[in-house]
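Asker: sharing a model prediction with you, sequence too.
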There are 2 protein chains.
Amino acid sequence: MSAIGIVEAKDLRLTPPEGGWRLERGGTLPEIVVRYELVGTPEPSGANVVFICHALTGDAHVVGYRPGEKPGQDKASGWWEGMIGPGLGIDTDRFCVLCANILGGCAGTTGPSSVNPETGQPYASAFPEITVGDMVEVHRALVRQLGFRRIAAVVGGSFGGMQAMEWAIRHPQDMDKCVLVATAEKLNTQALAFDIVARQAIIQDPNWRHGEYYGGARPIAGLANARRLAHITYLSQSGMDRKFGRAKQAEWVERKGQDFHRQMRQDFKTYYQIESYLEYQGQKFVRRFDANSYLQITRALDAYNPEETFGSLEAAVRQIQSKLLMVSLSGDWLFPPETSAPFVRACLTEHKDISYCHLRAPAGHDAFLTHIEQLKVVIRSFLTATDVRDPATLKREEVAAFRPFVRHVPEGARVLDIGCGDGTLLKQVAVSQRAWCVGLERNLEKVVEALHAGVNVLMLDIDRHLREVPAHLFDVAIISHTIQVLNRPDEMMKQLLRVAGWALLAFPNFGYIGMRSQLFFLGRMPRTRQFPYDWYDTPNIHNCTIKDFYAFSRAFGLKATLLSCRSASLLGKILIALGLKNLGADAVIVRLTNGDQQEGSKDGL
Amino acid sequence: MSAIGIVEAKDLRLTPPEGGWRLERGGTLPEIVVRYELVGTPEPSGANVVFICHALTGDAHVVGYRPGEKPGQDKASGWWEGMIGPGLGIDTDRFCVLCANILGGCAGTTGPSSVNPETGQPYASAFPEITVGDMVEVHRALVRQLGFRRIAAVVGGSFGGMQAMEWAIRHPQDMDKCVLVATAEKLNTQALAFDIVARQAIIQDPNWRHGEYYGGARPIAGLANARRLAHITYLSQSGMDRKFGRAKQAEWVERKGQDFHRQMRQDFKTYYQIESYLEYQGQKFVRRFDANSYLQITRALDAYNPEETFGSLEAAVRQIQSKLLMVSLSGDWLFPPETSAPFVRACLTEHKDISYCHLRAPAGHDAFLTHIEQLKVVIRSFLTATDVRDPATLKREEVAAFRPFVRHVPEGARVLDIGCGDGTLLKQVAVSQRAWCVGLERNLEKVVEALHAGVNVLMLDIDRHLREVPAHLFDVAIISHTIQVLNRPDEMMKQLLRVAGWALLAFPNFGYIGMRSQLFFLGRMPRTRQFPYDWYDTPNIHNCTIKDFYAFSRAFGLKATLLSCRSASLLGKILIALGLKNLGADAVIVRLTNGDQQEGSKDGL
C-alpha cells in the first residue's frame, strides 16, 4: 500500500533549443516528448523538488498507483515504493518528487519505438546514438520547462546514479544535493562484458532484423535471454543460493505428462527453480520492454565515463557545487563497493562536500530497490540535514568537552576526523573555526547522525581504507581514543602525516599508576575507567604509555608534543602536578608532526 | 617449451560390460571409444599412474606436443603445461600421467558428434543423457583395460574435480590419493543460472535445429555467445579490470574505413578490447567444440550433486579411502572458496584424511590453468608426502621440545592442532600416540611442509573459520602460543570445547615478573623473550596472566588445570619453586575442560 495514491503520468513536448535537438554523438531528433510523473506540490522555484533518475529499464512511475489500479486493494506499482512517501527516505511531507522516463526508453519518452514525425514510422534503426549526457539534457529541459530553476536534489541508483552524477557535473547550479546509489562513474570490465554478451543475444535473434522489426515478430527470445543474464547480475551469489539454491519445481513438474518431460530433456531444460525464475523474468520483461531501447540504452551505459570525457575524474568533478552522497551495497557485484572509491576520492581531492556510506545488503545490486531499510534512513538523513556551520544546531552540552581539541585547530583549516562518531566534534570545528571537515566512521548509526549534522562523513574501516585517502588533502588529522584499537597503530600514524600536515591525537596512557599497580601487585591485566574491558574481549589491543609513544615517534622520525594530560583521580592529578605525567595521566592529547625534535620527552617515569 | 616431447593420442574401444553400456539416466550406447594420452612408463599395477580429469571443454592433451608440432620451436600445446613434467607439480620422474577425453565430448571419445555404428550417422539429438558418474565409469573402464588395479592418484580441476570426487566416492579402492582443485560437490545457483542462459543461447540459434545440424550450418553464433558468457565467469572482476580495463582497440580501428564504423554502430559493437577478446574466444571455441557436446556436458555438470544422490554429503563420502586434497582459489567466483567448505566438512565429520588449501589467485577460476606457481608446490607436496605414521620421518631434534605436550595426548585420540605450523607436533602425535590428526594453519609455506609431512592440514584463518568445524569431532584440541594473537580468545576457547572434548593450551604469562617490572618501574610496555615486539606492531593483542586465565575459566564455567609451567630465567625458576607461579612462569601449559571446579587457582601472586 502506498500513501501516495494515484499518480498520473504526463507527456510534455519539449521546446527544442535553437537549431533543434542535436545529440552528443552528432545525431538529431525532430522532436522530444517526455513522459513524467510529479508527486506533491512543487514550489514555483523548484526548491522542494527531488528529481529521481530511474535505472536501466525503469520508468517514470516511481511511486504510487497507476490510473486504474485500486489504492488500498492492489499493491502500489511504483518501482521505489517504501523510499518515497510521508516520513520516508524522500519525505513527501517536505519534498515534491519528479521522475521522467529516459530518452531512448520505451515507456513514453521519445525512443526507437516512437513514431518519427518526419516519416510517420517508428525510428527503429534510424534512432540516433544517445549518451547519458543527452538523457540529462532532456531531464533538465523538462525541469526548466516546468519552471524550476534550482531543485533540492537529484537522486539516482545504478544507471540512474550515472545520470545524477552527470547532471551534477554538467549543471552544478541546478541542485542543492545529489545522491548516487549503487553506482559508479563507469562500468567495470566485467559489467561491460555482460552487456556485450546480452546485446549479442538480441542481435543474433533472427527477428531482430537490424532493428526493423516493428510491425512484425519481435526479437523476444534474444531479449528475454539478455534479461535473464542481466538479472543474474542484479542478485548476489549468496542471495541466489538462499532464495533458490538447487530447489526443483517438483509440484509443477508432477502435473505434466511424459511429452513435457521429453521436451524438457530435448531442450536441455533443468527442473531447477532458478530456471523457471529466469524464464519468468525474461517473459515478463519482453512484454514491457523494447529490444532497440535495450540496445540503445545499454550502449549509452557502457560508454559513460566522465574520466575519459574530461581527461581525469578530478577535472570532471571540479565544477560540482552540490553536496554529494554516494552509497554502495555490500552484496552488489555489478557496482561493487570498491568501484565507488575513484569518484569519492576525486571529490575529496577537489575538496567537494562528499559523504559515503557502505550498507550491508546481502541480496545484491537490486537491494537498492528491494531492501531499503538502511538506505531510506541514510538518504533521509542526508536530504534533511542541518547546515553544518549553523551554530544553532551545535550540541551545547558537548562544546566544553571538545574545547581542548578544537582550540588547537587553526581557522579555516581542512580537517579530517578519524573515528568521527556522530560528527559533534567536527561540527564544532566547522562552526567555530570555519573549517572544511571530513569524518571517517565505520558505525552506521553514527554515520547517519553525522549526515544529519551536515558533516561530510565517509563510512570506512580505518585500518583498511585510510590508505586510500589521497595525500596532503588535509591540514589537520584528528584521532581521538582510537589509536589503541587499530591493528597497526604505526601504519596509522604514518597515514596521518601522509593525508594531513599534522595530527592531533588523544589516547589512554597505559603507564598510569592505576594500570601499573594492578599488574604489578595483583598479577592481573589492568581494568580501569579508561580500560573497562576484560583481557579476552578488549578492543584495546595496542596499548602504550606516554614514554612508549615518545619512543615510537623518535624511532620513526616524528615529533610528538604533549599538549595536555588529564587524570580522573586525585593521585593522578598530584603526580601530574609533580611532573610525573607518565605515572599520573590516564589520558593525553599529543600533537604529532614531521621532524625529529622531541619536546617533553623527559617527562618523569 | 615442454620437457615431455610429443605425446600421441590413442583410441581404445572399451570392452562393454555384460548387457552393454547402460547409462545412469537409462540410456544406452552401442559402443564407447576413448581417446587418451599416456606420458611416461606405467608400472603394470598402475601404482605410479596419476589420472588427470579434464575440465568442461578440455581434452586428453594435457601436456607436451601434438604430433606435427615442433618441440623446441613451438609452445607446447598441453592444457596443463607447467604442472606436469620432471620436478614439477606432477613429477614425471616419479609418476606416469594418464588423461582421457570425457564421454560426451568432441575430442575423440564417444559423444553426440560421433557416428552411431548402428545407423552410420552422428548421434546428434539421439545421444542419451549422460552424468558425471557415466564419465567416471568410462575413465575407470579405460584404466582397467590398461591393466591398472590401483593408481597413485586422480587429479581434477573445476568440472574435472567433480569427476575425481565422484571416482573417489564410487570406487574407493581405485586410488591412493585424490586432488580436487577449484571445484565443489555441486554448482551454486548463480553458476547454474549462467549455464541456463548459455544453453538458451545455443538452442535459440536457428541453426541448432534440435541438435540435427551435422552436415549443415552449425549453431556457431549461439555456441560462441555461450562461450563468451562462460569465459566471463572464468576470470575475476579485478583480473578483467587489470587485463583489459576499458581500453579500446585504437590501432586496429584506425585501419578500418567509414563503412566498418557504421557497421559497428549498427551492430551495437563497442570498440573495447574486452569485446574483441570475447569475440576471439568465441570464434576460437566454435572451431574446436561441438554445440551438442556443450549442451550434454553442461547438463551433466549442472546435475552433479552427490548430496542429493546419497541423501547427505556425509553418506556420500563415507566410503572414501583415498587421502584427499582440496584446493580453492581466492579470485574464483565460479567455485568460490566457501563452496569448498561443505565437502571438507563432510569429510572431517566422517574422519577422512582430508587437507585443504586456499591459494591467492587474483586472476580467477582459470588461475588453476594459468597461474600455477603455488598450486604446483601444493600438489607436489601432497603427492610426494611421507607417511605420517612413519617414525623415520620425524624431526628428531624437535621430539624433546614437544614431549611435554605429546605425553598428555591419549593413545588413538583424534587430535586437532590449531596453528599447527609445519605439522611437526602433529606428526609426533600421530607416530607415538597413533592418533588421527588434523592441523589448522594459515601460513601457506607451513601448510606445504605439513602436507609433505603427511599431516592432514586445513589452511584456514582460525578467527574466522574455526566455527565452521563440525562439533565434537575431536578428542583433544591443541593450541600452542596462539591464543593471545586472536581477535577473540574467549570465542576461541568456547570453540575449542565445541569441537573437542578437552583442550591443551600453551600461552605466555603476562604476569611474569619480568613483564610486570618493566611496566611498573620503567613505565614502558614490556618486551621479553616471550614478547619481543613493540607495542605498535605486536601480534600479541590479548595477553593475560595465569590468574586472568583462571578467572576467565571460572566465569565461563570451564575448568583450567595447570599442567606445567616454565621459566627461562633463574629468578623465575626460583619463584616457581616457591609456588609463585604467576610471578615466576613465563609460559604455561594448561588443560581446559568443561566443568567449573578449579585446580590450582590459589597459585600465588
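Answerer: Happy to help now that I have it.
Asker: quick one: pLDDT of A:E251?
Answerer: For A:E251, the pLDDT comes out at 57.
Asker: let me see the contact set for A:P508.
Answerer: By Cβ atoms under 8 Å, 6 or more residues apart in numbering or on different chains, the contact list for A:P508 reads A:H481, A:Q484, A:Q530, A:F531, A:N540, A:N543, A:D586, A:A587. From N, CA and C alone the C-beta is placed, and that goes for glycine too.
Asker: let's have the residues you listed in JSON lines, adding neighbour count and secondary structure.
Answerer: Shown next, in JSON lines, are the contacts of A:P508 (neighbours: other Cβ atoms under 10 Å in any protein chain shown; DSSP: H, G, I helix; E, B strand; the rest coil):
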{"residue": "A:H481", "neighbour count": "14", "secondary structure": "coil"}
{"residue": "A:Q484", "neighbour count": "20", "secondary structure": "helix"}
{"residue": "A:Q530", "neighbour count": "20", "secondary structure": "coil"}
{"residue": "A:F531", "neighbour count": "21", "secondary structure": "coil"}
{"residue": "A:N540", "neighbour count": "19", "secondary structure": "coil"}
{"residue": "A:N543", "neighbour count": "26", "secondary structure": "coil"}
{"residue": "A:D586", "neighbour count": "23", "secondary structure": "coil"}
{"residue": "A:A587", "neighbour count": "19", "secondary structure": "strand"}
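Asker: can you narrow those down to the ones near chain B?
Answerer: Among those, proximity to chain B is found for A:N543 (Cβ under 8 Å from any Cβ of the partner chain).
Asker: closest one to chain B out of the contacts of A:P508, please.
Answerer: The nearest member of the contacts of A:P508 to chain B, counting by Cβ to the nearest Cβ, is A:N543 at 6.5 Å.
Asker: out of the contacts of A:P508, who's nearest A:S567?
Answerer: A:D586 (5.0 Å; Cβ to Cβ).
Asker: report pLDDT for that closest one.
Answerer: You'll see A:D586 listed with a pLDDT of 93.
Asker: contacting residues for the residue nearest to it when sequence neighbours are not counted?
Answerer: Once flanking residues are discounted, A:D586 sits nearest to A:Y512: 4.5 Å by Cβ to Cβ, 6 or more residues apart in numbering or on different chains. For A:Y512, the contact set (Cβ under 8 Å, 6+ apart) comprises A:T528, A:Q530, A:S567, A:G572, A:L583, A:G584, A:A585, A:D586.
Asker: now do the phi/psi pair for the residue of chain A found nearest chain B.
Answerer: Taking Cβ to the nearest Cβ, chain B has its nearest neighbour within chain A at A:I541, 3.6 Å off. Note on A:I541: backbone dihedrals following degrees, to the nearest 10 are phi -110, psi -10.
Asker: pLDDT value on the residue lying closest to it once chain neighbours are set aside, please?
Answerer: Leaving aside its chain neighbours, A:I541 sits nearest to B:I541 (3.6 Å; criterion: Cβ to Cβ, 6+ apart). pLDDT for B:I541: 93.
Asker: neighbours of B:I541, just the number please.
Answerer: A count of neighbours around B:I541, defined by other Cβ atoms under 10 Å in any protein chain shown, yields 17.
Asker: and A:A363, what are its phi and psi?
Answerer: Torsion angles, degrees, to the nearest 10, at A:A363: phi -70, psi -20.
Asker: which bits of the stretch 401-550 of chain A sit near chain B?
Answerer: A:488-490, A:493, A:510-511, A:515-517, A:519-520, A:522-525, A:534-538, A:541-548.
Asker: which of the helices or strands spans A:A560?
Answerer: Taking DSSP states H and E as the criterion, A:A560 maps to strand A:558-566.
Asker: just the CA atoms of that strand, as CSV, please.
Answerer: Extracted in CSV, the C-alpha atoms of strand A:558-566 (Å, rounded to 0.1, in the frame of the first residue of the first chain):
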residue,chain,number,x,y,z
LEU,A,558,58.2,12.1,14.0
LYS,A,559,57.8,14.8,16.6
ALA,A,560,55.4,14.3,19.4
THR,A,561,54.4,17.3,21.5
LEU,A,562,52.3,16.8,24.7
LEU,A,563,49.5,19.3,24.6
SER,A,564,47.6,18.3,27.6
CYS,A,565,47.2,15.4,30.0
ARG,A,566,44.5,14.6,32.4
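Asker: hmm, the following helix or strand past that strand in reach of chain B?
Answerer: With elements assigned by DSSP H and E, the helix or strand that comes after strand A:558-566 is helix A:570-577. No: against chain B, helix A:570-577 shows no contacts by Cβ under 8 Å from any Cβ, the least distance being 11.5 Å.
Asker: what's the angle between helix A:570-577 and strand A:558-566?
Answerer: Using axes from the mean of the first three to the mean of the last three Cα atoms, to 10 degrees, the inter-axis angle of helix A:570-577 relative to strand A:558-566 is 130 degrees.
Asker: how far off centre is helix A:570-577?
Answerer: 48 Å (Cα atoms, centre = their mean, to the nearest Å).
Asker: buried stuff in that helix?
Answerer: A:G572, A:L575, A:I576 (16 or more other Cβ atoms under 10 Å in any protein chain shown).
Asker: so which elements touch that helix?
Answerer: Counting contacts by 3 or more Cβ pairs under 8 Å, 6 or more residues apart in numbering or on different chains; DSSP states H and E, helix A:570-577 packs against helix A:513-517, helix A:581-584.
Asker: around chain B, which positions in the stretch 201-350 of chain A sit nearby?
Answerer: Counting by Cβ under 8 Å from any Cβ, the stretch 201-350 of chain A sits next to chain B at A:201, A:203-206, A:210-211, A:221-222, A:225, A:228-229, A:232, A:235, A:237, A:240-241, A:243-246, A:265-268, A:270, A:272, A:274-275, A:278, A:295, A:298-299, A:302-303, A:305, A:308, A:333, A:336.
Asker: er, the stretch 51-200 of chain A actually
Answerer: A:125, A:129, A:186-190, A:192-194, A:196-197, A:199-200.
Asker: what's the neighbour count on A:H452?
Answerer: Counted with other Cβ under 10 Å, the neighbours of A:H452 add up to 20.
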